[in-house]
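I need the structure of the sequence given here:
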Amino acid sequence: MRQRFLLLYAAAVAAVAISSIGYLALRFETVRLGYEVAEARRTQRNLIEEKRALEVEAASLRQPRRIEAIARDALEMEIPGPDRIVPMSRHTEARVRPAGRAR
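Purely as a prediction, here's the structure:
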């Protein structure tokens, strides 16, 4: 009878130990996943902020004054004089060929 009790007691202790180890493993995995989710949310917030900043920059780059400033400063372009402007009408478009094309 005592041997059977010791066997059942050992089985119960082993079951408690195994379930405790399983619980701790699940708990550690939950904590690890929590940190992973927090990191993903932090990355998401950073990407949203970066997207907003890029949208603001794109909107400012689309402004005509900004385009003109870049054209004048960086590309050294200027507004063409009247002697460099060639008016195009519907009738003259058919006669004018694009550059580089020979007939």
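
pLDDT weak spots in this structure?
Counting by pLDDT under 70, the chain has low-confidence residues at 90-103.

all helices for it, in order.
Assigned by DSSP state H, the helices in the chain fall at 2-61, 64-73, 90-93.

can you list the ones you listed in JSON lines and add mean neighbour count?
(Glycine included, C-beta is placed from N, CA and C.) Putting those into JSON lines (neighbours: other Cβ atoms under 10 Å) gives the following:
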{"stretch": "helix 2-61", "mean neighbour count": "10"}
{"stretch": "helix 64-73", "mean neighbour count": "11"}
{"stretch": "helix 90-93", "mean neighbour count": "8"}
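
okay, those helices in JSON lines with distance to P80 next?
Shown next, in JSON lines, are those (distance: least, Cβ to Cβ, whole Å):
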{"stretch": "helix 2-61", "distance to P80": "23"}
{"stretch": "helix 64-73", "distance to P80": "12"}
{"stretch": "helix 90-93", "distance to P80": "18"}
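
relative to I79, which of these is closest?
Among these, helix 64-73 comes nearest to I79, with 8.9 Å by Cβ to Cβ.
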